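Engineer: whatever this is, show me its structure:
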Amino acid sequence: MMYRLMSCVYLDFVRWLPELRELVDELKEKVDAKRSPAKKELPLTQVKEFNLTRPRPRSVPLPYPVSTEKAL
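Structural biologist: Below you'll find the predicted structure:
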């Protein structure tokens with residue numbers, strides 16, 4: 001019984017083999033077309049000096065007027 005089943009599966013596989021090969025080749029071509037080429041190595045970033053500007057001094061705010069009246 002098992003032998004008959006195995007031979008039946010084998011015969012089906014052999015019968016479909018040419019079509020399966022075509023399908024595998026077609027899928028392989030699609031996969032190869034979608035593969036991105038190897039990434040080339042980018043150059044390292046060059047360090048560049050920069051000058052900080054001197055901070056401008058803040059202006060001093062004017063004081064609030066103080067009343068000269070005496071409190072009782």
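Engineer: please enumerate the strands of this structure.
Structural biologist: Using DSSP state E, the chain contains no strands.
Engineer: which stretches of it have low pLDDT?
Structural biologist: Scanning the chain for pLDDT under 70 picks out 1-3, 5-6, 36-37, 71-72.
Engineer: let's see that with 80 instead.
Structural biologist: Along the chain, the model assigns pLDDT under 80 to residues 1-10, 13, 34-39, 67-72.
Engineer: so how far is stretch 11-29 off the chain centroid?
Structural biologist: Counting by C-alpha atoms, centre = their mean, to the nearest Å, stretch 11-29 is centred 35 Å from the centre of its parent chain.
Engineer: how about the CA coordinates for that stretch, as PDB?
Structural biologist: The C-alpha trace of stretch 11-29 is given here as PDB (Å, rounded to 0.1, in the frame of the first residue of the first chain):
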ATOM      1  CA  LEU A  11       5.100   9.700 -10.900                       C
ATOM      2  CA  ASP A  12       3.100  12.900 -10.300                       C
ATOM      3  CA  PHE A  13       6.200  14.700  -9.400                       C
ATOM      4  CA  VAL A  14       8.100  13.500 -12.400                       C
ATOM      5  CA  ARG A  15       5.200  14.500 -14.700                       C
ATOM      6  CA  TRP A  16       5.100  18.100 -13.300                       C
ATOM      7  CA  LEU A  17       8.900  18.500 -13.100                       C
ATOM      8  CA  PRO A  18       9.300  20.500 -16.400                       C
ATOM      9  CA  GLU A  19       6.600  23.000 -15.400                       C
ATOM     10  CA  LEU A  20       8.100  23.200 -11.900                       C
ATOM     11  CA  ARG A  21      11.500  24.000 -13.300                       C
ATOM     12  CA  GLU A  22      10.100  26.700 -15.500                       C
ATOM     13  CA  LEU A  23       8.300  28.200 -12.500                       C
ATOM     14  CA  VAL A  24      11.400  28.100 -10.300                       C
ATOM     15  CA  ASP A  25      13.500  29.700 -13.000                       C
ATOM     16  CA  GLU A  26      10.900  32.500 -13.500                       C
ATOM     17  CA  LEU A  27      10.800  33.100  -9.700                       C
ATOM     18  CA  LYS A  28      14.600  33.100  -9.500                       C
ATOM     19  CA  GLU A  29      14.800  35.800 -12.300                       C
END
